[in-house]
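> let me see the structure of the following:
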Amino acid sequence: MGVAAVRATERGGRLYGRGTADDKAGIATHVAAFWAHGGRPPVGVTVFVEGEEESGSPSLGRLLAAHRDALAADVIVIADSDNWSTDIPALTVSLRGMADCVVEVATLDHGLHSGLWGGVVPDALTVLVRLLASLHDDDGNVAVAGMHESTAARVDYPAGRVRAESGLLDGVSEIGTGSVPQRLWAKPAITVIGIDTTSVAAASNTLIPRARAKISIRVAPGGDATAHLDAVEAHLRRHAPWGAQVTVTRGEVGQPYAIEASGPVYDAARSAFRQAWGADPIDMGMGGSIPFIAEFAAAFPQATILVTGVEDPGTQAHSVNESLHLGVLERAATAEALLLAKLAAIPTGRAEA
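Numbering: from 1, shown residues only. Model prediction:
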């Protein structure tokens with residue numbers, strides 16, 4: 001099913017369109033929760049809409065430092081995560097960090113005739129392919145030394161769910177070893193997300209002198225994203241085939257985060273979710289990254305951070321036909337409205353969220 005990316009389209013109880021769930025729905029959830037209280041929530045609320053999250057939030061640290069007093073709160077609610085299903089809510093208690101880099105390999109100062117020189121002189125694309133392949137072992141586990149692994153939250157992950165929800169083609173197997181939650185939430189991941197080289201349409205019988213690729217790194221909770229980027233760079237330089245020249249250009253870095261999901265605020269949240277959804281929320285990890293959570297935690301160490309969300313396994317965020325389940329939106333907004341009321345009953349220093 002194809003729908004316009006920039007025009008919201010409702011079909012079958014879902015609202016389709018780019019950003020309907022990730023992350024316009026998070027803003028809508030907050031607004032709806034305020035409306036439920038007639039626009040006057042029972043606790044003081046500061047609404048902060050951050051528009052750079054998908055590009056690494058480069059301005060956030062400076063902004064938090066400049067407006068620390070205005071943004072200080074006892075509870076920070078970030079509605080940018082997932083739910084276990086359309087019927088079962090979740091509280092996200094861990095997130096992987098992220099880093100990225102571009103690796104370029106060079107073998108020649110100009111292109112060469114592949115018939116005259118092939119088999120004697122290495123071309124950059126073959127070097128790059130071999131180098132990228134060295135990042136994983138035969139099982140698909142990350143093969144870079146110095147990468148951190150943590151322990152995933154204990155959940156019952158149904159057999160077949162990965163294939164059903166990811167769109168794996170027939171005959172294609174999963175990669176890595178360990179349980180699905182362990183691989184998704186608590187182990188590092190390395191993905192090649194782009195390659196620059198001669199296109200198939202423009203290809204000729206020429207040995208390519210240079211080629212490059214962009215690499216995305218996911219960092220398990222408890223690891224350091226900068227150290228992981230260091231490890232990947234060292235691996236790339238160490239494993240370059242045939243003495244090829246390697247240049248690594250470092251990109252974004254966002255730290256992972258693990259949440260201590262206990263105390264009166266989490267008790268209130270679980271109670272609110274139970275009332276709104278009719279089901280207990282699941283504590284789950286998230287394989288993706290929300291780097292600014294670590295920045296908020298560093299800026300406001302006294303605050304309790306709640307990571308909620310309006311997505312579900314069918315959302316397909318960042319993909320074609322992204323959609324929002326409207327029933328999930330209603331339940332998420334109801335849960336947040338109930339949470340605000342419950343927070344008002346908790347003695348706090350500032351009584352703000």
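> give me the helices and strands touching whichever strand or helix holds residue 330, please.
Per DSSP states H and E, residue 330 falls inside helix 326-343. Under the contact criterion of 3 or more C-beta pairs under 8 Å, 6 or more residues apart in numbering; DSSP states H and E, helix 326-343 touches strand 14-16, helix 24-36, strand 75-82, helix 264-277, strand 304-311. From N, CA and C alone the C-beta is placed, and that goes for glycine too.
> how about that helix: buried residues?
Within helix 326-343, the residues that count as buried by 16 or more other C-beta atoms under 10 Å are 326, 328-329, 331-343.
> what's the answer for stretch 112-130, then?
Buried positions in stretch 112-130, judged by neighbour count with 16+ other C-beta under 10 Å: 112, 122-130.
> gap between the two ends of it?
End-to-end span of stretch 112-130 (C-alpha to C-alpha, to the nearest Å): 20 Å.
> any idea how far it is from the chain center?
Mean-position distance between stretch 112-130 and its chain equals 37 Å (C-alpha atoms, centre = their mean, to the nearest Å).
> restricted to strands, list the buried residues of stretch 112-130.
residue 112 (DSSP state E).
> closest to residue 54 among the buried residues of stretch 112-130?
residue 128 (27.0 Å; C-beta to C-beta).
> which strand or helix spans the nearest residue to that closest one once chain neighbours are set aside?
Take residue 128 and drop its neighbours on the chain: the residue closest to it by C-beta to C-beta, 6 or more residues apart in numbering is residue 211, 4.5 Å away. Secondary structure assigned from DSSP H and E places residue 211 in strand 210-219.
> direction included, what does that strand pair up with?
Using DSSP bridges, strand 210-219 pairs in its sheet with strand 97-106 (antiparallel), strand 189-196 (antiparallel).
> CSV please, covering the ones you listed and showing mean neighbour count and distance to residue 164.
As requested, the strands paired with strand 210-219 are exported to CSV (neighbours: other C-beta atoms under 10 Å; distance: least, C-beta to C-beta, whole Å):
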stretch, mean neighbour count, distance to residue 164
strand 97-106, 22, 26
strand 189-196, 14, 20
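> sorry, back to before: could I get the buried residues of stretch 112-130 as a markdown table with pLDDT?
Below are these laid out as a markdown table (pLDDT from 0 to 100):
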| residue | pLDDT |
| --- | --- |
| 112 | 97 |
| 122 | 98 |
| 123 | 98 |
| 124 | 98 |
| 125 | 98 |
| 126 | 98 |
| 127 | 99 |
| 128 | 99 |
| 129 | 98 |
| 130 | 99 |
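> among the buried residues of stretch 112-130, which lie within helices?
Cross-referencing these against helices under DSSP state H gives 124-130.
> quick revisit: what pairs with the residue nearest to residue 128 across the strands?
residue 105.
> ok, the residue lying closest to residue 53 once chain neighbours are set aside to residue 76 distance?
Excluding its sequence neighbours, the residue lying closest to residue 53 (C-beta to C-beta, 6+ apart) is residue 292, at 6.1 Å. For residue 292, the distance to residue 76 equals 10 Å [C-beta to C-beta, to the nearest Å].
> same thing with residue 260?
Residue 260 sits 14 Å away from residue 76, going by C-beta to C-beta.
> and the two? which has more neighbours close in?
Higher neighbour count among residue 260 and residue 76: residue 76, with 21 against 9, using other C-beta atoms under 10 Å.
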